[in-house]
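Undergrad: give the three-dimensional model of this entry:
(chains A and B)
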Amino acid sequence: MERLDGIHLSGLDFKPLKMGDLLYHEGPLLSHFVDEDNPSNQYFYKWSDHDHVAHRWMIFKVTEGDLRDFFQHKNTLLDIIRHNAFVYFIDLEPNLVPRQVMLVATDSIPLKYLPFDSSSFDEDGFEDYALELKGKINTYRNILNRLRRDLVKKVAL
Amino acid sequence: MFDSATNAVKQFNFLKTRIGESAYHVLGTNLAEGKLTPADGVADLPNNKGHFTFHPAETCIFEDNFQIIAAL
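TA: Residues are numbered from 1 along each chain as shown, chains lettered A, B, ... in the order given. From the prediction side, this is the model:
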C-alpha cells in the first residue's frame, strides 16, 4: 500500500452508519455513510487500496450541497474531496477491525488514490442506491423551497 | 467476469475515472478472453453492465481457457 503522510488517530470521531453503495464491483467501491449520532453529517467511503490483510478506505465529508451538485453534474468526486481540507484513511482488517486510522491533508493524498477530473455522476454506471439518494435530495430540496416560499408569504402578510 | 471485451473495458474505464489508478488493484491490469462451457462452473445472468458472477468447478483451469488479449 502507499505510504501515507498524516497524523495517526485512535479512531474516527463519528459513529459510521452505512446507508448504501454508490459504486460496486464484486464488493463496494464507493459507499455513503452518516454519523449515527448526527445524521446530517454525511461521508463517502472510497475504496483505495489493499494488502494481503487489510483494505484501505478514504473517508471524506460530503455536504448536502455537494450531493445536489454531484447529481446535477455540477461537480465531480474529485471536487468533493478537494472541498475538504483533510480526509481520513482507515485500514480495515477482516471483521472490520481497524488496523490504522490516519488524518491526511487533502494536498497529501497519494495521486493514485484520487479520482480523475472527469469523475462525474453517471446514471448508467452508478448503483440503484445513488438514484435513490438523488431522489431523496430532490424531495428534501423541494420541501425546503416550499417552506421558504410559505414563510415569505406569511412575512409579507 | 464480463460477457464481452467491450463491456469489460467500458466498466474498467468507468471505475478507473472514479476510483483512480488504484482501480488496477480491483480489476487487474490485463484483459483476458476465453470461452466457458456449462462443465466449467456455474454463472448468473449478466447484469446491465455485462458483468456476471462465475463459480468455477474444481476441474476448471482458467489458464487453459483464457488468453490475455490486451493491457488495461
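
Undergrad: now for chain B, the helix or strand with the poorest mean pLDDT.
TA: Among the helices and strands of chain B, helix B:62-65 carries the lowest confidence by mean pLDDT, DSSP states H and E, at a mean of 83.

Undergrad: kindly report the same for chain A.
TA: Counting by mean pLDDT, DSSP H and E, chain A has its least confident helix or strand at helix A:128-156, which shows a mean of 84.

Undergrad: which secondary structure elements does that helix contact?
TA: For helix A:128-156, the elements it packs on are strand A:16-24, helix A:64-71, judged by 3 or more Cβ pairs under 8 Å, 6 or more residues apart in numbering or on different chains; DSSP states H and E. Every residue, glycine included, has its C-beta placed from N, CA and C.

Undergrad: and with 10 Å instead?
TA: Identification of packing neighbours for helix A:128-156 by 3 or more Cβ pairs under 10 Å, 6 or more residues apart in numbering or on different chains; DSSP states H and E yields strand A:16-24, strand A:28-35, helix A:64-71.

Undergrad: can you tell me the SS state at the residue nearest the centre of chain A?
TA: Closest to where the C-alpha atoms of chain A average out (Cα atoms, centre = their mean) is A:Phe44, at 1.7 Å. Assigned by DSSP: H, G, I helix; E, B strand; the rest coil, the conformation of A:Phe44 is strand.

Undergrad: still on that earlier bit, need the helices and strands packed on helix A:128-156 in a markdown table with distance to chain B and mean pLDDT, can you?
TA: Converted to a markdown table, those look like this (distance: least, Cβ to the nearest Cβ, whole Å; pLDDT from 0 to 100):
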| stretch | distance to chain B | mean pLDDT |
| --- | --- | --- |
| strand A:16-24 | 6 | 96 |
| strand A:28-35 | 6 | 96 |
| helix A:64-71 | 11 | 95 |
